[in-house]
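Novice: got a predicted structure plus its sequence, pasted below:
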Amino acid sequence: MPLTSRRMLMLAPLGIAVAGGAGFYAMLRGLGTGSYDPRGVPSVLVGRAAPPFALPPLEATGLPGFTDAELRDLPAPMLVNFWASWCVPCIIEHPQLMRLAREGVAVWGVNYKDKPADAAQFLTRHGNPFQRLGADQPGRVAIDWGVYGVPETYLLDRKGIVRWRWPGPVTPEVLEQDIRPLLRRHA
């Protein structure tokens, strides 16, 4: 091996460290200016209709399941919320979903990879904000929607077009700063 090749091999880790440091610095600058959103995993559904699906009802709740066809020609914008009884952040967001339901906002739920009895017990304990509630036991519908963790919430306009996605719990701040203005805009 010529001497220059050895030097190049010795400098390779330094080059990798410099490139990594530059990327980290760019991320920190973006966080400081607001141009980098660590939650910003884009959704391919925003601006499109929901993919085809049919969810059976969640046993023991008495609520009907639903299909993608039922998400079209809506009387008002609505939310589709993916959740599970084993999901701790779902407990955090639940009071906001209950508030929206009391105000007449349609919230349809997708129970993700959950035991029906556990999900029913969760709703008995915390209240049920859902008008319709489908069971996604295998998780296939969540995959088609691009869900990468629960809770995850989607806002659909009157035509059933996904206009907004929120990965994580709906907090009071998200409710006031994001959801309410979007509900007004798409009413």
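Specialist: Looks like it came in fine. Numbers count the residues shown, from 1 in each chain.
Novice: for Val170, what are its contacts?
Specialist: 81, 93, 96-97, 151, 153, 179 (Cβ atoms under 8 Å, 6 or more residues apart in numbering). For every residue, glycine as well, the C-beta is placed using N, CA and C.
Novice: pLDDT score for it?
Specialist: pLDDT, Val170: 97.
Novice: just Ala26 next, same as before
Specialist: So, for Ala26, pLDDT stands at 59.
Novice: related to what we said a few turns ago, including secondary structure and neighbour count, could the contacts of Val170 go into a markdown table?
Specialist: Shown next, in a markdown table, are those (DSSP: H, G, I helix; E, B strand; the rest coil; neighbours: other Cβ atoms under 10 Å):
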| residue | secondary structure | neighbour count |
| --- | --- | --- |
| Asn81 | strand | 25 |
| Glu93 | helix | 24 |
| Gln96 | helix | 21 |
| Leu97 | helix | 26 |
| Pro151 | coil | 25 |
| Thr153 | strand | 24 |
| Ile179 | helix | 20 |
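Novice: select, from those residues, the two members most distant in space.
Specialist: Using Cβ to Cβ, these span at most 13.2 Å, a distance reached by Pro151 and Ile179.
Novice: mind listing the residues bridging to the residue sitting nearest the centre point of the chain?
Specialist: Centrality entry for the chain: nearest residue to the mean C-alpha point is Glu152, 2.3 Å, by Cα atoms, centre = their mean. Applying DSSP bridges to Glu152 gives these bridge partners: Phe82, Pro167.
Novice: now do it against Pro89, distance only.
Specialist: 10 Å (Cβ to Cβ, to the nearest Å).
Novice: any common contacting residues for those two?
Specialist: In contact with both Glu152 and Pro89: Gly168, using Cβ under 8 Å, 6+ apart.
Novice: burial check on Val44, number of neighbours?
Specialist: For Val44, the count of nearby residues is 11 (other Cβ atoms under 10 Å).
Novice: how about the contacts made by it?
Specialist: Gly146.
Novice: just to be sure, it is in a helix?
Specialist: No. Val44: not assigned to a helix; according to DSSP: H, G, I helix; E, B strand; the rest coil it is coil.
Novice: number the chain from 3, please
Specialist: I'll keep to 3 as the first residue from here, and by that count the last item is Val46.
Novice: which pLDDT does the model give it?
Specialist: The model reports Val46 with a pLDDT of 81.
Novice: how near is it to Ile181?
Specialist: Look at Val46 and Ile181: by Cβ to Cβ, they are 21 Å apart.
Novice: and Ala78, by the same measure?
Specialist: 13 Å.
Novice: go on, Asp75?
Specialist: Distance from Asp75 to Ile181, counting by Cβ to Cβ: 22 Å.
Novice: which regions of this protein sit below the pLDDT cut-off?
Specialist: Along the chain, the parts satisfying pLDDT under 70 run over 3-5, 10, 17, 21-44.
Novice: fine, thanks again, bye for now.
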